[in-house]
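Peer 1: Provided below are the primary sequence and the corresponding predicted coordinates.
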Amino acid sequence: MYLPQHFAELDQKVLRDEVRKIRTGHLITMGSQGLEASFIPLLISDDATTVTGHLAKTNEQWRRADVSVPALITWVGADAYVSPSYYPSKQEHGKVTPTWNYINVQAKGIVTFHESQEWKRSFLEQLINFHEKSMPQPWSIDDAPADFIEGMVKGTLGFELQVTSLEGKWKLSQNRSESDVMGVIAGLGSLGLDSTDSLVRDITLALDKRPD
């Protein structure tokens, strides 16, 4: 990851919490057919040392992956186009260009694939509980017939990434003047899009963290 210091986020708790907010990411492996990627729901451990997920067994990325080569998992958070028209400095000197603001987290590590029915069921229970906990009537894996669930679990292949590095890029206009950042907040806010609300909050927080 290209990571200029002013955009770097290395706090493992912040990264873990962001991953849990994003929830889904890409598992990228190198193997017999070159690079492959699958977009899937993921879980990260409390200490941010392991990331777990599952693939359909018919998705043979797991079979082709070279497990001796580190794998990469990427998560992309809130993002938005930033127009130069948002910057007050455009009127002052005109030396501005378009850019993109975004949050991105990446984990590297050695991946292990799991075919154990017990491992896969335990993971799926954790995954389901994580996503269902906010539902008005949470669904449980035990709500479905046992033989049906057993068949579904057999059709999956679990994996676990032992994290060797976890880093994030919070590109939130930290390299702009305070007035330009305020312009970005106002500009994105004026779009009235749900997709930019989270990013506006993150930009505001980044602005608040600036040293006096």
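Peer 2: Good, I have the coordinates.
Peer 1: give me the low-pLDDT residue ranges for this structure?
Peer 2: For the chain, applying pLDDT under 70 flags the ranges 212.
Peer 1: the residue positioned nearest the centre of the chain: which element?
Peer 2: For the chain, the residue sitting closest to the mean C-alpha position, by CA atoms, centre = their mean, is residue 75 at 2.3 Å. Using DSSP states H and E, residue 75 falls within strand 71-82.
Peer 1: list the buried ones in that strand?
Peer 2: Within strand 71-82, the residues that count as buried by 16 or more other CB atoms under 10 Å are 71-75, 77-80, 82. To be clear about C-beta, it is placed using only N, CA and C from the backbone, and glycine gets the same treatment.
Peer 1: my guess is residue 207 is in a helix, correct?
Peer 2: Yes: assessed by DSSP: H, G, I helix; E, B strand; the rest coil, residue 207 belongs to a helix.
Peer 1: for it, what are its contacts?
Peer 2: Neighbouring residues of residue 207 by CB atoms under 8 Å, 6 or more residues apart in numbering: 178, 181-182, 185.
Peer 1: try residue 65
Peer 2: For residue 65, the contacting residues are 29-31, 36, 71, 111, 113, by CB under 8 Å, 6+ apart.
Peer 1: which of those residues fall in helices?
Peer 2: Per DSSP state H, helices hold no members of these.
Peer 1: now do the strands in this structure.
Peer 2: Along the chain, counting by DSSP state E, strands occupy 8-9, 24-31, 34-41, 43-44, 50-56, 71-82, 99-114, 156-171.
Peer 1: out of those strands, which is the most enclosed?
Peer 2: Most buried of the strands of the chain, by mean neighbour count (mean count of other CB atoms under 10 Å): strand 43-44, with a mean of 22.
Peer 1: how far is that one from where the chain is centred?
Peer 2: Centroid separation for strand 43-44 versus its chain: 10 Å, with CA atoms, centre = their mean, to the nearest Å.
Peer 1: same question, stretch 145-159
Peer 2: Centre to centre, stretch against its chain (CA atoms, centre = their mean), the figure for stretch 145-159 is 26 Å.
Peer 1: and it, what's buried?
Peer 2: So, applying 16+ other CB under 10 Å, buried residues of stretch 145-159: 149, 153, 156-159.
Peer 1: count of residues packed around residue 141?
Peer 2: Residue 141 is flanked by 17 other residues according to other CB atoms under 10 Å.
Peer 1: wait, what's in contact with it?
Peer 2: 121, 124-125, 128, 149.
Peer 1: 6 Å instead?
Peer 2: The contact partners of residue 141, by CB atoms under 6 Å, 6 or more residues apart in numbering, come to 125, 128, 149.
Peer 1: now swap in residue 90 and tell me
Peer 2: Neighbouring residues of residue 90 by CB under 6 Å, 6+ apart: 84, 96.
Peer 1: now swap in residue 50 and tell me
Peer 2: residue 160.
Peer 1: find the nearest non-adjacent residue to the residue nearest to the centre of the chain, please.
Peer 2: residue 25 (4.0 Å; CB to CB, 6 or more residues apart in numbering).
Peer 1: from residue 1, how far off is the one you found?
Peer 2: 14 Å (CB to CB, to the nearest Å).
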